[in-house]
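Student: For reference, the sequence and a predicted model appear below.
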Amino acid sequence: MSEFIAELKRTHHCGELDLNAVGQSVVLMGWAMRRRDHGGLIFVDLRDRGGITQVVFNPEISGGSHSLAHSIRNEYCLGVKGPVEKRPQGQDNDKIVTGQIEVMAEDFVIFNPSQTPPFMLEEWIETNEAMRLRYRYLDIRRPEMFNALKLRSDCSLAFRNYLSGQGFLEVETPMLTRSTPEGARDFLVPSRLSRGHFYALPQSPQLFKQLLMVGGIERYYQLARCFRDEDLRADRQPEFTQIDIEMSFVDEEDVISLAEGMIQTIFRRAGQEVALPLPRLTYDEAVGRFGLDAPDLRFGLELVDVADLVGEAEFKLFSQAVSQGLTVKAVNGKGFSEGLSRKDLDDLTSFVANYGAKGMAWVRVRQNLEWQSPIAKFFTAAQQAGVNERLKAEEGDIFFFGADAASVVHESLGRLRVELARRFALTENKPLTFCWVTDFPLLDYDQREKRYVAMHHPFTAPQTEQLDLLAAEPLRVKARAYDLVLNGSEIGGGSIRINTPQMQQAMFKILGISEAEAKEKFGFLLEALTYGAPPHGGIAFGFDRLMAILTGSPSIRDVIAFPKTQKGSCPLTEAPGAVDGLQLLELGVCLEKE
């Protein structure tokens, strides 16, 4: 056995051999996926990253190897040498590439035995996720997980080659920087050399990539690690990866065109074709028709304005909303009436309440388009007919109404629309559906803090033709911003940036950032903009989310090698953990007891 280790090297991966290899002597290395003892013969399915090959231990070929093979158990790490033979007639396995051949073991070695794994290392297992994360190094051996990570690597190489061919340079930016207000909470790192001061891990490379444009790089990209200390959910991680891109001397069309080509390249590498150009919606159209600025276009259920039809109705919720200039819209659940019980409707009413709705009126459409609803009596026949016509009513439909401020109606009905699609499986077997959303508002108004906030970030440029509105009517100003949406998820977003110190200072002023605060937190950027900063813009794509969609994974944790849980912890390493008191003393950090 020792000579085997010293003299022989692997010749093939386990998924490479076919009938063309019959007669060759090969060396395979991998893990015992399963062992079957058929009396005189022992069969081992040997697995590596390339696939599976059946190995046969025959006492007539090698008595020593056959004897030792009795000790093999699942996940033992093995090396095997022997000739390739065609399987006996009737024993082919058409489920695997190597299903027509087998390797007859002449010699083998157990590199390392294995304890019994805590779960089966096979595809599509039903195992508690916490257990999979605790033993992630075993979970990665499963073909499902390995293939996800391999596709991630392949797609990374594909977009790198694409951007390199477009004249981009890959430039790394710092991991330790200063804390700047970019919308989320920073992860802070105390400095030992400057006690009482802290680095921040970057939420994104935003400011540095703009500085690279000032530096004349012109075309930059990076597969960037980003960090945000925020509440987590299935599509969020405290540390995540984005494809970060910035370009000089460009406008929106240049960035969008480049991004479309990159997306087409990535999806082609994953075996899917994307037809270009991608459809576009303005922000107002997306929100008006679908309720959300990241609309899922794989199904209908569009929001329809009915305010002009119900303003004179005796139903006060609607008539008062119309008289106050509020919004009244409806969604027609086509054919859903019989599939929703009264309890389901109560549950959906509670559902929209999570998004600010104070209630939800509904109407079932019965025979002859008659309404069945607690609110039906408040509408005349003519009013009902008008709503029926606008919503294209048919027997078996059900209408859902929202009446409130536009933001509440859009958010609640937009979320309801997605929930109905989930309940009635409207997206099953539907192709991937992209759209650009453009012409975002530059600003929003935070009622709680009583100040304007940037819809994207403070460095997004306003549309040039609306600069005169910035001081007098800032909420009317549109941004030079654009998002790419896939199946209702924002997978990328960017903008043309502000490139003069005067405009950047004006933006800071509107956002309530004083000159002193701007100088303290963004002084290096403002200074850089005084040195001939070119017009520039860019975009960033959430690489984890993109890969989750490509692999059909419900969570980005399934496409990250070592992810965190929804509580931000790592079951494998048990991070975050306590540190030695001496380390804290060196940093000048004192912990308070809870």
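Tutor: Looks like it arrived, so ask away. Residues are numbered from 1 along each chain as shown.
Student: buried set for the longest helix along the chain?
Tutor: Longest helix in the chain, counting residues (DSSP state H): helix 143-165. Buried residues in helix 143-165, counting neighbours by 16 or more other C-beta atoms under 10 Å, are found at 143, 145-146, 148-149, 151-152, 155-156, 158-159, 162-163. In short, each C-beta sits where N, CA and C put it, glycine included.
Student: which pair in those spans the largest distance?
Tutor: Farthest-apart pair in these is Pro143 and Leu163; separation 30.1 Å (C-beta to C-beta).
Student: Tell me the helices and strands packed up against the strand of greatest length in the chain.
Tutor: Determined from DSSP state E, the single longest strand within the chain is strand 25-38. Packing partners of strand 25-38 (3 or more C-beta pairs under 8 Å, 6 or more residues apart in numbering; DSSP states H and E): strand 41-48, strand 51-57, strand 77-86.
Student: that older thread, among the buried residues of helix 143-165, which has the minimum pLDDT value?
Tutor: Across the buried residues of helix 143-165, the smallest pLDDT goes to Pro143, namely 91.
Student: so who does the spatially closest residue to that residue that is not a sequence neighbour touch?
Tutor: Distances taken as C-beta to C-beta, 6 or more residues apart in numbering place Glu123 nearest to Pro143, at 5.2 Å, with adjacent residues excluded. Applying C-beta atoms under 8 Å, 6 or more residues apart in numbering to Glu123 gives the contacts 142-144.
Student: cool, Leu151 as well?
Tutor: Leu151 neighbours (C-beta under 8 Å, 6+ apart): 270, 547, 550-551.
Student: Likewise for Phe249?
Tutor: The contact partners of Phe249, taken as C-beta under 8 Å, 6+ apart, are 218, 534-536.
Student: from those, which single one is nearest Thr241?
Tutor: Closest approach to Thr241 among those (C-beta to C-beta): His536, at 22.7 Å.
Student: For the closest one, list each beta-bridge partner.
Tutor: Beta-bridge pairing for His536 (DSSP bridges): Ser248.
Student: ok, it touching Asp254?
Tutor: No: contact between His536 and Asp254 fails when scored by C-beta atoms under 8 Å: they sit 10.5 Å apart.
Student: Spell out which residues are contacts of both of these two.
Tutor: Listed as contacting both His536 and Asp254 by C-beta under 8 Å, 6+ apart are Met247.
Student: Among these two, which residue is more densely surrounded?
Tutor: Legend: neighbour count by other C-beta atoms under 10 Å for His536 and Asp254, higher for His536 (24 against 13).
Student: which secondary element of this structure has the worst mean pLDDT?
Tutor: When each helix and strand of the chain is scored by mean pLDDT, DSSP states H and E, helix 2-7 comes last, with a mean of 58.
Student: picking that back up, turn the buried ones among the contacts of Phe249 into a named PyMOL selection, would you?
Tutor: In PyMOL, selecting the buried portion of those, with burial taken from 16+ other C-beta under 10 Å, looks like this:
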select buried, resi 218+535+536
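Student: any idea which of the contacts of Phe249 is closest to Gly325?
Tutor: So of these, ranked by how close each gets to Gly325 (C-beta to C-beta), first place is Pro535, at 39.4 Å.
Student: Contacts only, for that closest one.
Tutor: By C-beta under 8 Å, 6+ apart, the contact list for Pro535 reads 248-251, 496, 499.
Student: Mind checking which of the residues you listed are buried?
Tutor: Using 16+ other C-beta under 10 Å, the buried members of these are 248, 250, 496, 499.
Student: Tell me how far the last one lies from Glu246.
Tutor: Plainly put, Asn499 is 12 Å away from Glu246 if you go by C-beta to C-beta, to the nearest Å.
Student: intersection of neighbour lists for those two?
Tutor: In contact with both Asn499 and Glu246: His536, using C-beta under 8 Å, 6+ apart.
Student: in the stretch 351-500 of the chain, which spans are strands?
Tutor: According to DSSP state E, counting those that start in this stretch, the stretch 351-500 of the chain carries its strands in the segments 361-365, 371-372, 398-404, 434-438, 443-446, 451-454, 481-486, 489-496.
Student: would CSV of those with distance to Ser204 be doable?
Tutor: Listed next are these as CSV, based on distance: least, C-beta to C-beta, whole Å:
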stretch, distance to Ser204
strand 361-365, 42
strand 371-372, 50
strand 398-404, 34
strand 434-438, 19
strand 443-446, 20
strand 451-454, 14
strand 481-486, 15
strand 489-496, 11
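Student: would you turn those strands into JSON lines with mean pLDDT and distance to Pro118?
Tutor: Shown next, in JSON lines, are the strands of the stretch 351-500 of the chain (pLDDT from 0 to 100; distance: least, C-beta to C-beta, whole Å):
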{"stretch": "strand 361-365", "mean pLDDT": "96", "distance to Pro118": "48"}
{"stretch": "strand 371-372", "mean pLDDT": "96", "distance to Pro118": "54"}
{"stretch": "strand 398-404", "mean pLDDT": "97", "distance to Pro118": "46"}
{"stretch": "strand 434-438", "mean pLDDT": "98", "distance to Pro118": "40"}
{"stretch": "strand 443-446", "mean pLDDT": "91", "distance to Pro118": "48"}
{"stretch": "strand 451-454", "mean pLDDT": "91", "distance to Pro118": "47"}
{"stretch": "strand 481-486", "mean pLDDT": "98", "distance to Pro118": "35"}
{"stretch": "strand 489-496", "mean pLDDT": "96", "distance to Pro118": "33"}
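Student: for these, which one sits closest to Ser323?
Tutor: With C-beta to C-beta as the measure, strand 398-404 is the member of these nearest Ser323 (11.3 Å).
Student: what's that closest one packed up against?
Tutor: Using 3+ C-beta pairs under 8 Å, 6+ apart: strand 398-404 touches helix 316-323, strand 327-333, strand 361-365, helix 406-423.
Student: packing partners for the shortest one?
Tutor: In terms of contacts (3+ C-beta pairs under 8 Å, 6+ apart), strand 361-365 is packed against strand 371-372, strand 398-404.
Student: Which neighbours in the sheet does the last one have, and how are they oriented?
Tutor: This points to strand 398-404. Assessed with DSSP bridges, strand 398-404 is paired to strand 327-333 (antiparallel), strand 361-365 (antiparallel).
Student: That one vs helix 406-423, what angle?
Tutor: With axes from the mean of the first three to the mean of the last three C-alpha atoms, to 10 degrees as the basis, strand 398-404 and helix 406-423 are set at 160 degrees to each other.
Student: Good, wrapping up.
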